[in-house]
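Enquirer: Provided below are the primary sequence and the corresponding predicted coordinates.
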Protein chains: 2
Amino acid sequence: MSAMLRLDAFLPYRLSAASNAVSKVIASAYQRRFNLSVPEWRLIAVLREVGESTQQNLVQRTFMDKVAVSRAAERLVQRALVRRTEDESDGRARLLSLTRKGRTHYDAIAPEARAYEKRLLAALSADEVAALHAMLLRIQNAATALEEAARESNAQ
Amino acid sequence: MSAMLRLDAFLPYRLSAASNAVSKVIASAYQRRFNLSVPEWRLIAVLREVGESTQQNLVQRTFMDKVAVSRAAERLVQRALVRRTEDESDGRARLLSLTRKGRTHYDAIAPEARAYEKRLLAALSADEVAALHAMLLRIQNAATALEEAARESNAQ
DNA sequence: AACAAATAGTTACATTGGAAACTATATGGT
DNA sequence: ACCATATAGTTTCCAATGTAACTATTTGTT
C-alpha cells in the first residue's frame, strides 16, 4: 500500500475540478448575457487594458494559443467590437483595438464579472485571496518550467 | 474608469491558467509514459481506492460526466486494466474493478504522479498546500452553488 | 398489477481546442 | 544582394468533450 494516492487530495485534480466548476458557470453567464465566449471576453479585457496590441502580444498576455486568439479576434471583428488594422512597422502583424462598441460592451460586462468573482470568493478573507493568487501563479510557473524541462529532455 | 478589471488579477482567469498549465504537463506525462488519458487515470485511481464501483458512483467521486466515465471505462476494459461485471442487484448498472494488470499499472503510476505533484508544489510550505486545497474546495462549492442558483432562476 | 417517472449507461451529434501545415513577411548571416 | 531561418497569422485536420436522444431497467403510485 506504499503507493496509495487519494484522487481528491491530489493537486492536479483539485485544481482542475475547481477550475472546471468556475469556468462552467462563468462561461455560461458570458454566453447567456453577452453572447461572448471566454476567449473573446479575454481579448476584450486585455485590449481595454492596453489599448492596442498585436495578436502575438495577446498570445503572451493571455497564455492562449495563437489559433484561439485568431479565431476569437475574427469573431469580434465581425461583431464590430474590435477593429483590426495593419501594423506599419511589420507587414505580418495586425493591430487590434476595441471599437467604441467594444468599450461599451466591456463596461457592461466588467462589473458583472467582478460580481461573480466576489460571490466565488465570498468564503475567503482578503488575505486568503491574495495568498491564493500568489500560489496559483507559482504553480503555473512551476508547471511551465516542468514542461520546458520535459521538452528539452525529449529533444535532448 | 470605474469598471477596470485586470485580467491577470481575475480569479477565474488565474485559476484556469494554472489549471491548464498543470493539466498540460500532467496529461502529456501520463500519455507518454503509460498511454493513459487523464480521465482514464482518474478511474484507475478511484477504483484502486474503493475496490469495486458502479459507473454512477465514479461519476460522483470524480465529478466527471457519465459519458466521460463510460468512454474511459470502455477503453480500460479493452486494455484489460479494468473488469466490468453485471450488478446482481441492479440490472442497469455495471460494476467496475481493477484487474491485476490494472493494479500493477496503478502501482507504477502513483509514485510518478506524486513526484510531479511534489515538483509543482515545491515552492509552497505544507501549511500553504493545506490552505490551498481548502480554498479550492470552497471555491468549487461556491461555483456549483452559483450554477444551481442560475439554473433555478432560469427554470423558475 | 400496471403504468408514469426516474435512473444507469450508451450512442449519435455538435462544439471546442489543439497540432501541423501553410502563406506572407522579416531578420540575420554570408 | 541573396538565401536560410524565424516569426505573425490563418487554414486545415483531428482528437477530446459536452449535450441530447435513446435503451434498458427500476421505483413509486394508483
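Expert: Yes, it's here.
Enquirer: Quick one: distance of the worst-scoring helix or strand of chain A on mean pLDDT to the chain centre.
Expert: One helix or strand of chain A scores below all others by mean pLDDT, DSSP states H and E: helix A:126-155, with a mean of 87. On the basis of CA atoms, centre = their mean, to the nearest Å, helix A:126-155 is displaced by 15 Å from the centre of the chain it belongs to.
Enquirer: So which bits of that helix are buried?
Expert: Buried residues in helix A:126-155, counting neighbours by 16 or more other CB atoms under 10 Å in any protein chain shown, are found at A:128, A:131-133, A:135-136, A:138-140, A:142-144, A:146-147. Backbone N, C-alpha and C define where each C-beta goes, glycine included.
Enquirer: Make TSV out of these and add distance to residue A:5.
Expert: TSV is the format used below for the buried residues of helix A:126-155 (distance: CB to CB, whole Å):
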residue	distance to residue A:5
A:128	27
A:131	26
A:132	24
A:133	27
A:135	21
A:136	22
A:138	22
A:139	18
A:140	22
A:142	19
A:143	19
A:144	24
A:146	18
A:147	22
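Enquirer: how about the strands of chain A, start to end?
Expert: Using DSSP state E, the strands found in chain A span residues A:52-54, A:82-86, A:94-98.
Enquirer: ok, and which of the ones you listed has the densest surroundings?
Expert: Per residue and on average, the most neighbours among these fall to strand A:94-98, with a mean of 19 (mean count of other CB atoms under 10 Å in any protein chain shown).
Enquirer: how about the least confident helix or strand of chain A against chain B, any contact?
Expert: Yes - for helix A:126-155, a contact with chain B is found by CB under 8 Å from any CB of the partner chain, at A:128-129, A:131-133, A:135-140, A:142-144, A:146-147, A:150.
Enquirer: Now look at that helix and say if it contacts DNA strand C.
Expert: No - Helix A:126-155 does not reach DNA strand C (CB under 7 Å from any atom of the strand); its nearest approach is 10.1 Å.
Enquirer: Let me know the pLDDT of the residue nearest to residue A:16 when sequence neighbours are not counted.
Expert: Once flanking residues are discounted, residue A:16 sits nearest to residue B:19: 5.2 Å by CB to CB, 6 or more residues apart in numbering or on different chains. Predicted confidence (pLDDT) for residue B:19: 96.
Enquirer: what's residue B:19 in contact with, if anything?
Expert: With contacts defined as CB atoms under 8 Å, 6 or more residues apart in numbering or on different chains, residue B:19 is in contact with A:15-16, A:18-20.
Enquirer: ditto for residue A:95
Expert: For residue A:95, the contacting residues are A:52-54, A:84-87, by CB under 8 Å, 6+ apart.
Enquirer: Which members of the residues you listed are the farthest-apart pair?
Expert: Within those, two members stand farthest from each other by CB to CB: A:53 and A:86, at 14.1 Å.
Enquirer: Spell out whether stretch A:33-53 and chain B are in contact.
Expert: Yes - contact between stretch A:33-53 and chain B, assessed by CB under 8 Å from any CB, occurs at A:38, A:42, A:45-46, A:48-49.
Enquirer: list the buried ones in that stretch?
Expert: Neighbour-count burial for stretch A:33-53 flags A:34, A:36-48, A:53 (criterion: 16+ other CB under 10 Å).
Enquirer: Let me know the closest of these to residue A:112.
Expert: Checking the buried residues of stretch A:33-53 against residue A:112 by CB to CB gives residue A:34 as the nearest, at 8.5 Å.
Enquirer: now the closest one: how far from residue A:44?
Expert: Plainly put, residue A:34 is 9 Å away from residue A:44 if you go by CB to CB, to the nearest Å.
Enquirer: Cool, thanks, signing off.
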